[in-house]
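In: using only what follows, build the 3D model:
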Amino acid sequence: MNGTSRAFVNDSLARYFDSSDTWPLAKFRIWLVKLLMYGGSIYQKRMLTVGAGASLLIYSTPKVNKPHWFVGLLIPVINFFRPAELVRRRDEFAAGVQAQVQDAFGAKLSNMYEIQGLATDPVAQGRGYGGLLVNTVTNMGDAEGRDVWVITSDARPFYERFGFSVTRTVFLGGNNPSWTHEPVNISIMHRPAKASEGFSPKAELEV
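Out: Got it, this is the predicted structure:
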C-alpha cells in the first residue's frame with residue numbers, strides 16, 4: 001500500500017488536498033482510510049492487481065458501484081477529524097465533479113463501468129502494469145456493451161492511449177485565496193464500448 005501511495009506524490013489533485021491536511025496524525029488517518037477502501041474493494045471483488053501488488057486498480061460496475069456498507073459507515077467517522085480547509089476543498093471537488101458527471105452521462109451513468117483509482121509504485125512504472133489493468137476493465141465493459149469513465153487530474157494522456165477522451169473539465173482552486181498555485185485541472189473522461197467477440201447486444205436484451 002505504501003508503494004502505490006508514492007504514485008501520487010507529484011499528482012496535482014493530491015497536492016491540492018494534502019497541502020491543506022495539516023492536522024496531527026493526518027498520515028495515520030489517510031492510511032486508515034486507504035486500508036478500509038482497499039479491504040472493502042477486495043471483499044467486493046472490484047480490485048485488480050498485478051506485479052505482486054505493485055500496481056492496483058479499483059473499479060465499479062453497474063451492479064456494485066458503492067463501497068461496502070461497513071466501509072461507508074466508518075470512513076465518514078474517521079474523516080470527521082479533518083481540518084476545515086481540507087473539508088472545503090473536498091466539498092469543492094465533489095460538487096464540481098458530480099455536477100459535470102451527471103451533465104455528461106445522465107441516466108446512462110448507472111449502466112457504465114468506472115475506474116475509481118489506479119496506482120503503480122514508481123519503481124514498477126514503465127512495465128505496462130497500468131495499461132494491463134485498464135485494458136482488463138475496458139474489456140469487461142466491451143463484453144457487456146458498456147462504456148467506461150474515469151476522473152483524473154494528471155493522467156489524461158495515459159488514458160487517451162486506451163480510447164478515452166475528455167468529455168468535461170473542472171477547475172479547482174481558482175477562487176481559493178489559500179491556494180497560490182495554478183488551478184487544478186480535473187478531466188472527466190469517457191470511453192465508448194467497442195464490439196467484442198462473442199458479445200451480442202440482442203442476446204443481452206434477451207437475458
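
In: alpha carbons only for contacts and neighbour counts from here, please
Out: OK.

In: please point out which parts of the lengthiest helix in the chain sit buried.
Out: Determined from DSSP state H, the single longest helix within the chain is helix 84-105. Burial within helix 84-105, assessed by neighbour count using 16 or more other CA atoms under 10 Å, is assigned to 85-87, 89, 93, 96-97, 100-101, 104.

In: after it, which helix or strand is next?
Out: Downstream of helix 84-105, the next assigned helix or strand under DSSP states H and E is strand 113-120.

In: which strands and helices lie in contact with whichever helix or strand comes after that next one?
Out: Next along the chain after strand 113-120, taking DSSP H and E as the criterion, comes helix 129-144. When contacts are defined as 3 or more CA pairs under 8 Å, 6 or more residues apart in numbering; DSSP states H and E, helix 129-144 sits against strand 47-50, strand 55-60, strand 113-120.

In: which residues does helix 129-144 contact?
Out: 48-51, 55-57, 59, 112-113, 115, 118-120, 147-148, 162, 193-199, 204 (CA atoms under 8 Å, 6 or more residues apart in numbering).

In: list only those of these flagged as buried.
Out: 48-49, 55-57, 59, 112-113, 115, 118-120, 147-148, 193-194.

In: among the residues you listed, give me the pair with the biggest separation.
Out: Farthest-apart pair in the buried ones among the contacts of helix 129-144 is 120 and 194; separation 26.3 Å (CA to CA).

In: please list all residues in contact with the most centrally placed residue in the chain.
Out: Taking CA atoms, centre = their mean, the centroid of the chain lies closest to residue 116, which sits 2.6 Å from it. Residue 116 makes contact with 57-60, 150-151, according to CA under 8 Å, 6+ apart.

In: and it, how far from residue 38?
Out: 12 Å (CA to CA, to the nearest Å).

In: what of residue 46?
Out: 10 Å.

In: and for residue 130?
Out: Taking CA to CA, one finds residue 130 at 17 Å from residue 38.

In: more neighbours, these two?
Out: In terms of neighbours (other CA atoms under 10 Å), residue 130 is the more surrounded of residue 130 and residue 38; the figures are 23 against 20.
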